[in-house]
Every structure is written in structure tokens, then in C-alpha cells.
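> Here is my input; please provide its structure:
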Amino acid sequence: MLIIGEKLNSSIPSVRQFINDKNTAAVQDLALRQVAAGADYLDLNTAQGDELVNMEWLVRAVQEVTDVPICLDSTSAVALRKGLETVKGDKSKVIVNSISLENNRLEEVLPLVLEYQCPVIALTLNDRGIPKTAVERIQLTEQIVEILTKKHYDLTKLYIDPLVLPQAVSHSNATMFFQCLTEVKRLFQVKTVSGLSNISFNTPKRKVINRQFLTFCMAYGMDAAILDPLDRQIMTSVLTNDFLLGNDRFGKKYLKSFRRLEF
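Alright, predicted model coming up:
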């Protein structure tokens, strides 16, 4: 499973302070600790604050200490372009998070994705909001795939996020999400991704719920997750699940972590 480290997000008060203060040491330490913990990508979000200035600064600060690829996380096409222009090295490795079927997002962000031919996370969301049923979300996925196919986009770079909602709101939200994962893989053969924290919103012991939710998601074929790699227990779940699902040939990663006493 591809791990996208979620910690460099300005919605986190302490991180927002680091970014606003231009605290290079703190930001770089957080980046390096996520990489050391197993992050394959680092998600960068500067939405809370002067987004353009902060996006450029954050990309530069992170890339000074690591060459792990970046996931640019913004609803603003201008901020995403600034991030892409700032990234050094192969820009086609940058994940754009995200596009959707909202008219303004599709019109403004999709051209960037096509220009740089980079991976993209696509949300099952339109101007009417998040659909209430799995069938409707699959229909939006079909529309996204059709649009990208007509634009000659490489669908192997597409990650569909069916948008999990809190289990506390509806007892069917988790199972509906699992259904979406199954159907997206079966019908379109594209990758899937999700953040984990929404599922546990407004419930106690959120990390426990997040870990169990991740296990189910991986069993249903999810390819990537936006999560906290500094949570040792959730990373242990990733390693163990990959081993049991046959994604870790001969358990090499599992055994390597065990020998390092990372469990």
C-alpha cells in the first residue's frame, strides 16, 4: 500500500504555527520523521493562511531534506500551480490532491494535471455535494474516467477517493465505502485512495477505529491511504495486512521491521 503522510497539514494548529512562523527546522523534522516511519509521499496542505506564499515555502523547505515525492493538497488551482512550479526534479511524480466533478475544480485543476501528466486523486463529488449512495458515487467515477479518457490521460495514474463519511452519522457509511472500493476496482481497474480519520469522527478511541477501518479497506483492495505514519500501531497494521494479503513477497518488509523492533 502507498502511504501518504498527512502530518504537514495547516489544519493542524501546531503545524499551521510552524508554517506561519517559517519554522524550517520544525517542518523539516516532521517531514523526515514521516519518511523514516515509512511514508512514500508527503502531503502538503497550506490552506489555512497565505496559501501561495506558504505553499512555495513549504515545498522548498521539505525538498531541502528529502527527495520523497510530494502530494500537493489544495482546492486552489493557483496554489497547486505554485506548488508544481516550485517542485524540483520530476514533476510528473507529484500527486495532485485533488480534482472532482465540481465545475470550478474540473475547469481549473484538470488542465494542470494534464499539463504535467502527474498522478491525481479524484473525489466522487459534484456541485450537488457528496452522493448518498454507492451507486451514485460509482456513476460519478464513471464520469471522471470518461472525461480523463477523452483527454488521453494515463488512467494508471488515477486514484479514486469515494469519500468516506463518519460511521457515527450512519451505520452504513463504512460498508457503503467498502462497496465503492470493490466496484471501482471491478468496473474501471483504477487505483483507490482514502483518508482514514473521517470514519471515526465524533466517536471515542478514534485511532482504534481508524486501524480496523484500514484493515478492511486493504482487504477490499484499496491502493493508497492518507494517514499518520508516526502512529506506530497503524503502520504495524499496514505491514501485517500487506503480508497477509500477499503484497509483501516472502514477508520481507514484515521481517525487516520485526528485526528492527519496530513492532
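> confidence score at R259?
pLDDT, R259: 82.
> what's around E108, how many residues?
Other residues near E108 come to 17 when the count uses other CB atoms under 10 Å. Backbone N, C-alpha and C define where each C-beta goes, glycine included.
> Find the residue ranges of the chain scoring beneath the pLDDT cut-off.
For the chain, the stretches flagged by pLDDT under 70 are 261-263.
> where exactly do the strands run in it?
2-5, 41-44, 70-73, 95-101, 120-126, 158-161, 191-195, 224-227 (DSSP state E).
> Which one of these lies nearest to L181?
strand 191-195 (5.3 Å; CB to CB).
> what helices or strands is that closest one leaning on?
Using 3 or more CB pairs under 8 Å, 6 or more residues apart in numbering; DSSP states H and E, the elements in contact with strand 191-195 are strand 158-161, helix 173-188, strand 224-227.
> Check the burial of the closest residue in space to L114 that isn't next to it in sequence by counting its neighbours.
Nearest residue to L114 in three dimensions, chain neighbours excluded: K151, at 5.7 Å (CB to CB, 6 or more residues apart in numbering). By other CB under 10 Å, 11 other residues sit near K151.
> Kindly report the same for L101.
18.
> my guess is it contacts G129, does it?
No: checked against CB atoms under 8 Å, the pair L101 and G129 is beyond contact range at 10.8 Å.
> For the strands of the chain, give me TSV that also has distance to V35.
Compiled in TSV, the strands of the chain are given as follows (distance: least, CB to CB, whole Å):
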stretch	distance to V35
strand 2-5	8
strand 41-44	7
strand 70-73	12
strand 95-101	16
strand 120-126	20
strand 158-161	20
strand 191-195	19
strand 224-227	14
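> Mind checking the ones you listed for the one nearest to G246?
strand 2-5 (16.5 Å).
> Tell me how far that closest one lies from the chain's centre.
Between the centre of strand 2-5 and the centre of its chain there are 7 Å (CA atoms, centre = their mean, to the nearest Å).
> check contacts around the residue most central in space within the chain.
The residue lying closest to the centre of the chain (CA atoms, centre = their mean) is I226, at 3.9 Å. Going by CB atoms under 8 Å, 6 or more residues apart in numbering, I226 touches I4, E6, D43, C71, N97, V193, S194, G195, L196.
> For the residues you listed, pick the one with the most neighbours.
Most surrounded of those: other CB under 10 Å gives C71, at 29 neighbours.
> That residue pairs with what?
D43, I95 (DSSP bridges).
> Which among the helices and strands packed on strand 191-195 is found nearest to T86?
strand 224-227 (21.1 Å).
> Give the pairing partners of that closest one; include direction for each.
Using DSSP bridges, strand 224-227 pairs in its sheet with strand 2-5 (parallel), strand 191-195 (parallel).
> In CSV: those strands, plus distance to A47.
Shown next, in CSV, are those (distance: least, CB to CB, whole Å):
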stretch, distance to A47
strand 2-5, 16
strand 191-195, 15
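> Any idea which of those strands gets closest to R260?
The nearest among these, by CB to CB, is strand 2-5 at 16.9 Å.
> Name the residues that touch that closest one?
Contacts for strand 2-5 (CB under 8 Å, 6+ apart): 34-35, 37-43, 71, 95, 193, 223-229, 235, 238.
> Endpoints of stretch 151-165, how far apart?
The first residue of stretch 151-165 is 30 Å away from its last residue (CA to CA, to the nearest Å).
> Kindly report the same for stretch 57-76.
16 Å.
> Which positions within it qualify as buried?
For stretch 57-76, the neighbour count (16 or more other CB atoms under 10 Å) marks 57-59, 61-63, 66, 68-76 as buried.
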